[in-house]
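A.B. asks: using only what follows, build the 3D model:
(chains A and B)
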There are 2 protein chains.
Amino acid sequence: MIKHALPVTRQADFAAWYQAVISEGDLAEESGVRGCMVIRPWGYGIWERIQRLLDDRIKATGHENCYFPLFIPLSYFEKEAEHVDGFAKEMAVVTHHRLIQQDGRLVPDPAAKLEEPLVVRPTSETVIGAAFSRWIQSWRDLPVLINQWANVVRWEMRTRMFLRTSEFLWQEGHTAHASEAEAREETMKMLEVYRSFAEECVALPVVAGEKPEHERFPGAVATYSIEAMMQDGKALQAGTSHFLGTNFSAAQNIRFQNAEGQLELAQTTSWGMSTRMIGGLIMVHGDDDGLRVPPRVAPWQVVIVPMLRDGPEDEAVLAYCRELQAELAALSAFGEPVRALLDQRPAKAAVKRWGWVKKGAPVIVEVGGRDVAGGNVSVVRRDRLYRDDGKLDSAILARGDFVGGAAAMLADVQQSLHSQARARMDANIRRDVTDFTAIEAHFAEGNRYPGWVEVSWCRPTGAELDQVVERLKALKLTARNVPSDAEPASGTCIFTGEPAVERILIARAY
Amino acid sequence: MIKHALPVTRQADFAAWYQAVISEGDLAEESGVRGCMVIRPWGYGIWERIQRLLDDRIKATGHENCYFPLFIPLSYFEKEAEHVDGFAKEMAVVTHHRLIQQDGRLVPDPAAKLEEPLVVRPTSETVIGAAFSRWIQSWRDLPVLINQWANVVRWEMRTRMFLRTSEFLWQEGHTAHASEAEAREETMKMLEVYRSFAEECVALPVVAGEKPEHERFPGAVATYSIEAMMQDGKALQAGTSHFLGTNFSAAQNIRFQNAEGQLELAQTTSWGMSTRMIGGLIMVHGDDDGLRVPPRVAPWQVVIVPMLRDGPEDEAVLAYCRELQAELAALSAFGEPVRALLDQRPAKAAVKRWGWVKKGAPVIVEVGGRDVAGGNVSVVRRDRLYRDDGKLDSAILARGDFVGGAAAMLADVQQSLHSQARARMDANIRRDVTDFTAIEAHFAEGNRYPGWVEVSWCRPTGAELDQVVERLKALKLTARNVPSDAEPASGTCIFTGEPAVERILIARAY
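C.D. replies: As a prediction, this is how the structure comes out:
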């Protein structure tokens, strides 16, 4: 039996395994500040790669980056009723702007109480809407297409690193348009940017579709999401795109004179993706030896570990490694220079190798005196760590062959991670369930990996929808989204027996 | 006389001119949130360029990026006495984590009062120090070299966009070392990174040196800065690097076992550069027609403005412009692809041209039907906008010649902005002042552009230093830094008459 690098397996305890990947891979840690994490260099490096690649796509679709204030006056939130209902319960509130010493302790200075408390932004529709109302006068000012990379805070009672933290990092796009058709097109365009980014860069297969009414963003007319399947079969919402109609423009007075000289409300959208994506990456690509980072978002794609013996031959090994690093850095993979690290930290080669396995570097190259003598390198691919006999699959390759094939190898690792995840998701969406008792049976306790079910429903509203939500909740289930590429619905609604109008995904979820 | 693009000149009212550059160049605006600004796409685009180029240099010197919490518990601040004295008076304090509706208004929920208030980080030494104390056990764990890009908040009573805002964006580097010598070397290395970055990328001539004792960062053993000269002769501190000794490691218990097995306190440093740099860029490079952005940090380096007549010939002009844009984008300047924009907004060409002049795009190219017919382009360089006769200096160049020389032209604009600023700074530092009455005379009311003076002093401390500070304050002057490359001091201290030990810069400052 293989002795894996993590102290716990996915099978034994998925939640503990997730925490182990994060701590053993040096991705993040508890900060000592309630609900907030420290993102360590390897975790933040993955975020930087996500930022760079997603930002390129956001800019390529015509959006520009800006920056809006961290603080939002309370009164801004009072304007959009649904929005405030959705967020008011979990916000950090700044009430004072000075501290004083009192009995040797620091306390908020009662003389420095703010007249109007400030909310630490949970999202920026209100403050950006206020700017839009200043910027937009005429149809000529439209569309406005902006995005910001920022930290936001939503006070969370139960937190889990990357997936649900009080402070998190994200990008939030905000746009205003002259027509509903154009705003709806923008909403779908950004959903597609998220879908293709997740699939192509993070190697994350996802289902894109519209959220049901009760799962909409507070104040939205329609909310769309991409949903990814974790290795415990649960769903993770990994990005959302909202069509806001005129709800925010009415509250924020975002009006423009149309070509006919009449005043109209602008149609707005917003869309966001966050550090939550890293949680999804871990739960989709990690294995019992730690994380496996898709090469496109790996801070280092190839890590070179020299095997040194504290002897005179070490210098030749290091020189060989430096040349190898330079050769790799001169290559291009995925249209960018290959990111190759020479790990010269003072530690044993085996310790370093397993450290990089746990971090999930896509390709690990070991170089010892014998490799130098033979002009070789010893190569481990993180996506296929073991041979069939359970031994570490370390291949000895001629250095020139390895370098010549390195870009293709990285592309292959990227592809193989995606294929594995895609196969797992496809195999675990049941589409043959036609009555609710079958759902109960499918998600019964004994089924460790129930995956998702896609069923026909009548798109209920109001009290009827509430009943559906309650029935699902009793099974710890939620309605995820109506997949854009689902087959047309047929037959009757699995919840009400009425004629079905669409197909919807049901799953346990993070 | 030239009719300039801005409504106010530097000469007439420097402060109003500064605001005009910012608003007419669409760099930033008031947000409606006290002390916080909205950074608009052109301003944020400059910040993104600064981030990218500075981040490359921070990484090239061995640092990795991380992310630490926005919120810092009050108790963390109580540990380092000098530090808390320096910051406690101007911090935003979060006291509640929920809002409730009361009489139709939102108010902080009294039931959701935090047991320990949280401070919105004014800087992160304390929370990062707590992480260092977890990460560092042995000399093998050292050095720790990290950086974060983040927003920070210091409650400011009087704000000015980019220069002094309650919330601002910055990077803060934090490092821990086994020896004082190594930590001091790091402090000086990052000062040099800032100096060379300012000079080479922002075209900002600066004086690097050590701040006098009373201007040190709260808790630092030594603080170094780069100081830039604005066009009104005032100084702007544009980056700081601090040697913190063991002050923070003692407060935060950052200890390591040295090679001999004994416990030692780590030696730490911190260093930061912020959006303030954009204020400096404006005040150094702006002119009476708006901003002039050095090409290396310009979001768009070449802007192509088509001159359209709403006729059938427009398509040929646009096709010509698109080809030109593609040719430029295929070029490399400063080791990166040239950033060329084709401005197709629905507005008159002259309006667009002057918009880009005010924004400070380095090179503006206009293309009309006549240019297309002749295979030409009309080129305006933002660093030399007018001919000697006061007319706009728009040169007609053969398209091939322009494209072939575009990278060199951008390098020349970068160089010329730096040279102009360098000449101005060099011409306005007086080094011949040897008694205090001469300082008084030099900075007397009538002298509109006094610049700086560099004088000899005895590096006073305690009450003697307080007296010096007071005397300077009466003239609205401050001691900036002791230039690293100053001549050795000679003669007597200009303040005390004691033997001088070093040369120090005196200036009015932002």
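A.B. asks: where do the helices of the stretch 1-150 of chain A begin and end?
C.D. replies: A:14-24, A:41-60, A:74-78, A:81-87, A:125-135 (DSSP state H, counting those that start in this stretch).
A.B. asks: reformat those helices as CSV; add mean pLDDT, distance to A:Trp356 and mean neighbour count.
C.D. replies: Bear in mind the C-beta positions are built from the backbone N, C-alpha and C, glycine included. Shown next, in CSV, are those (pLDDT from 0 to 100; distance: least, Cβ to Cβ, whole Å; neighbours: other Cβ atoms under 10 Å in any protein chain shown):
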stretch, mean pLDDT, distance to A:Trp356, mean neighbour count
helix A:14-24, 98, 12, 19
helix A:41-60, 98, 10, 20
helix A:74-78, 88, 46, 19
helix A:81-87, 75, 41, 18
helix A:125-135, 96, 41, 24
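A.B. asks: and of those helices, who's closest to chain B?
C.D. replies: Nearest to chain B, of all the helices of the stretch 1-150 of chain A, is helix A:41-60, at 3.7 Å by Cβ to the nearest Cβ.
A.B. asks: run the angle between that closest one and helix A:14-24 for me.
C.D. replies: 100 degrees (axes from the mean of the first three to the mean of the last three Cα atoms, to 10 degrees).
A.B. asks: name the residues that touch helix A:41-60?
C.D. replies: For helix A:41-60, the external contacting residues (Cβ atoms under 8 Å, 6 or more residues apart in numbering or on different chains) are A:22, A:25-28, A:39, A:65, A:147, A:149, A:162, A:169, A:171, A:173, A:193, A:196-197, A:201-202, A:273, A:275, A:277-278, A:281, A:293, A:296-300, A:359, B:64-67, B:146.
A.B. asks: stretch A:476-489 too?
C.D. replies: A:191, A:207-212, A:214-215, A:224-225, A:227, A:235, A:237, A:431, A:439, A:443, A:452, A:454, A:456-457, A:468-469, A:472, A:500-509.
A.B. asks: that stretch spans what distance, first to last residue?
C.D. replies: Taking Cα to Cα, to the nearest Å, the first and last residues of stretch A:476-489 lie 24 Å apart.
A.B. asks: go on, stretch A:302-310?
C.D. replies: With Cα to Cα as the measure, the ends of stretch A:302-310 fall 24 Å from one another.
A.B. asks: and that stretch, does that touch chain B?
C.D. replies: No - applying Cβ under 8 Å from any Cβ of the partner chain, one finds stretch A:302-310 out of contact with chain B, separated by at least 14.3 Å.
A.B. asks: circling back: from the contacts of helix A:41-60, which land in strands?
C.D. replies: Assigned to strands by DSSP state E, the following of the contacts of helix A:41-60 qualify: A:28, A:39, A:65, A:147, A:149, A:169, A:171, A:173, A:273, B:64-65, B:146.
A.B. asks: what's the most distant pair in the residues you listed?
C.D. replies: Farthest-apart pair in the ones in strands among the contacts of helix A:41-60 is A:Gly173 and B:Ile146; separation 29.5 Å (Cβ to Cβ).
A.B. asks: for chain B, give me its nearest residue in the stretch 151-300 of chain A.
C.D. replies: For the stretch 151-300 of chain A, Cβ to the nearest Cβ, closest residue to chain B: A:Trp155, 4.2 Å.
A.B. asks: SS state for that residue?
C.D. replies: coil (DSSP: H, G, I helix; E, B strand; the rest coil).
A.B. asks: repeat that for A:Ala208.
C.D. replies: Going by three-state DSSP, the state assigned to A:Ala208 is strand.
A.B. asks: what is the neighbour count of the residue nearest to it when sequence neighbours are not counted?
C.D. replies: Leaving aside its chain neighbours, A:Ala208 sits nearest to A:Arg195 (4.5 Å; criterion: Cβ to Cβ, 6 or more residues apart in numbering or on different chains). Taking other Cβ atoms under 10 Å in any protein chain shown as the criterion, the count of residues near A:Arg195 is 23.
A.B. asks: distance to A:Val317 added to the helices of the stretch 1-150 of chain A, as TSV?
C.D. replies: Converted to TSV, those look like this (distance: least, Cβ to Cβ, whole Å):
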stretch	distance to A:Val317
helix A:14-24	27
helix A:41-60	25
helix A:74-78	61
helix A:81-87	57
helix A:125-135	55
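A.B. asks: perfect, I'm done here.
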